[in-house]
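Peer 1: pasting the sequence and the predicted coordinates here, then a few questions.
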Amino acid sequence: MGQHHTFPLGMERRARGAISNDVGRFEPVQRSYEADGWTPDADEAPLRTQTTIEVPRRVISYNRSPDLPFDRSINPYRGCEHGCIYCFARPTHAWLGLSAGLDFETRLIARPEAPQVLAQELRHRAYTPRTIAIGTNTDPYQPIEKTHQIMRECLKVLRDFRHPVAIVTKGTLIERDIDILSDMARQGLVRVGISVTTLDADLSRKLEPRAPTPQRRLATIRALSAAGIDTRIMTSPIIPGLTDHEVEALLKAGKDAGAVAASWVMLRLPLEVAPLFREWLEQHFPDRAARVMGHVRAMQGGKDYDATFGTRMRGTGPYAEMIAQRFDAALRRNGYARKLPDLRCDLFKPPAEAGDQLSLF
C-alpha cells in the first residue's frame with residue numbers, strides 16, 4: 001500500500017487545490033502526517049508532481065448513463081494536475097489505492113500506448129463509430145501532455161480513421177493541435193468545449209490552481225473559432241454563492257470570443273469530493289461556507305449530492321430553476337445556437353495497414 005497522508009487543516013499546499021489527502025474509500029487504514037523535527041520547513045514545501053506509466057489493455061470506455069450525450073470516452077491520463085477542487089472525477093483515484101485529495105493532482109498516470117490501443121479497437125470488425133468524448137473525466141491537455149503528447153497522438157489516430165470526437169478542456173495547450181483539429185473540423189468530425197468557471201482570476205487561482213487563467217482560456221476560444229473549429233463555452237460548474245452571479249457575464253465573454261454554443265452544469269459533490277470541497281470552503285471562504293452548502297443541499301434533496309439520473313447535473317428546486325432561467329435568457333440574448341449539427345460518423349474508414357491488399361477500385 002502506498003503512503004497517503006492527511007495534512008493538518010490549514011496547511012495549504014502552494015498551487016494545489018485540495019488541502020488534505022485522506023486515503024481512498026477502499027483502503028482499510030488511515031495514515032496521518034506527523035512532523036519528525038528533521039525537516040522543519042517540510043510543511044511549506046511544494047508537493048512535486050509524480051507521473052507513472054500504465055499500459056492499457058483497452059482505452060475506449062463505454063457508459064449507459066441516460067443523461068450523458070455520449071456513450072464512449074477516452075482518458076489519456078488518470079488524475080489531473082489542474083487541481084480543480086470541485087472535480088467530480090477525484091473519486092476515481094480511489095480505485096488505484098490513492099487519495100481523491102492531493103494524490104489526485106500530484107500522483108498522475110500517463111498511458112503512452114493509448115494511441116496504438118485505440119487504433120486496434122477502432123479496427124475491430126464489430127466496431128460501430130459514434131462520437132468519442134475526451135476530457136470528460138480528466139483533462140487531456142493538462143500540463144504533462146506537453147511532455148507525453150498522448151492526446152496529440154490519439155487525435156492523429158482519430159483523424160486518420162475519420163472518427164468524430166468531442167473534446168472538453170481547460171488547457172490552452174489544445175492550440176498546439178489546431179493543425180489536426182482544423183482539418184477534422186472541415187469534415188464535421190470535431191467539436192471543442194472550453195470550460196470557464198469564473199472570470200475572477202483570484203477566485204480561479206483558488207478553485208483551479210494550475211489551470212490557465214480565465215482570460216487565457218477565452219483567448220483559446222478565440223483561436224479555435226478563428227481556425228473554423230466549432231467551440232462552446234462551458235460555464236461549469238456553477239457554484240452557488242461563489243460563481244452564480246457570473247452566468248450572464250460568462251456567456252457574453254464566450255460569445256465575444258467566438259463561441260457558437262454554451263452549456264452549464266451545477267456543482268456536483270460525489271463521494272470524497274464533498275468533504276474536500278467543504279474543507280476548501282472553510283479555508284478560503286469561511287464567511288460563505290454555510291450559505292454555499294445550504295444552496296447545494298437545497299438542490300440535492302437535503303444531501304451534499306444526489307446521484308439520480310436526470311437531475312444530478314442541474315439539481316432541483318427554486319434555486320436550480322432560477323439558474324436555468326437566467327442561463328436560457330442569456331443564451332437567447334447572446335444569440336447562441338440551441339443545437340449544433342451532429343458530428344459525422346458516415347466518413348469512418350480504417351486506413352490501410354502495411355501488408356493490406358488494396359482495392360483496385
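Peer 2: Perfect, thanks for sending it. Residues are numbered from 1 along each chain as shown.

Peer 1: how about the strands in the stretch 101-250 of the chain?
Peer 2: Ranges of strands in the stretch 101-250 of the chain, per DSSP state E, counting those that start in this stretch, are 107-110, 132-134, 165-169, 190-195, 231-234.

Peer 1: could you say which one of the ones you listed comes nearest to residue 283?
Peer 2: Residue 283 sits nearest to strand 107-110 of all these, at 21.7 Å, using CB to CB. Where C-beta positions appear, they are placed from N, C-alpha and C, glycine not excepted.

Peer 1: now do the closest one: which elements does it pack against?
Peer 2: Packed against strand 107-110 by the contact rule (3 or more CB pairs under 8 Å, 6 or more residues apart in numbering; DSSP states H and E) you find strand 50-53, strand 77-78.

Peer 1: adding mean pLDDT, distance to residue 214 and mean neighbour count, write these out as CSV.
Peer 2: As requested, those are arranged in CSV below (pLDDT from 0 to 100; distance: least, CB to CB, whole Å; neighbours: other CB atoms under 10 Å):
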stretch, mean pLDDT, distance to residue 214, mean neighbour count
strand 50-53, 96, 27, 12
strand 77-78, 98, 23, 22
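
Peer 1: would you turn those into CSV with distance to residue 327?
Peer 2: Converted to CSV, those look like this (distance: least, CB to CB, whole Å):
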stretch, distance to residue 327
strand 50-53, 37
strand 77-78, 30
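
Peer 1: end-to-end on stretch 56-63?
Peer 2: Counting by CA to CA, to the nearest Å, you get 18 Å between the two ends of stretch 56-63.

Peer 1: per-residue confidence averaged over that stretch?
Peer 2: Model confidence over stretch 56-63 averages 96 on the pLDDT scale.

Peer 1: do the same with stretch 89-99
Peer 2: Here stretch 89-99 scores 94 as its mean pLDDT.

Peer 1: can you give me the buried ones in it?
Peer 2: Buried residues in stretch 89-99, counted by 16 or more other CB atoms under 10 Å: 89-94, 96, 98-99.

Peer 1: which one of those residues is nearest residue 123?
Peer 2: Here the nearest of the buried residues of stretch 89-99 to residue 123, counting by CB to CB, is residue 92; it sits at 27.8 Å.

Peer 1: so that closest one sits right up against residue 137, yeah?
Peer 2: Yes. Taking contact to mean CB atoms under 8 Å, the distance of 6.6 Å between residue 92 and residue 137 places them in contact.

Peer 1: mind checking which of the strands of the stretch 101-250 of the chain is nearest residue 154?
Peer 2: Shortest separation from residue 154 across the strands of the stretch 101-250 of the chain is recorded for strand 132-134, at 7.2 Å, computed as CB to CB.

Peer 1: so what strands line up beside the closest one?
Peer 2: Strand pairing for strand 132-134, determined by DSSP bridges: strand 72-74 (parallel), strand 165-169 (parallel).

Peer 1: out of the ones you listed, which is the most enclosed?
Peer 2: Each of the strands paired with strand 132-134 was given a mean neighbour count from mean count of other CB atoms under 10 Å, and the largest, a mean of 23, is that of strand 165-169.

Peer 1: quick one: average confidence on it?
Peer 2: Confidence over strand 165-169 (mean pLDDT, whole number) is 98.

Peer 1: re earlier: out of the strands of the stretch 101-250 of the chain, the one nearest residue 254 is which?
Peer 2: Closest to residue 254 of the strands of the stretch 101-250 of the chain is strand 231-234 (CB to CB; 3.0 Å).
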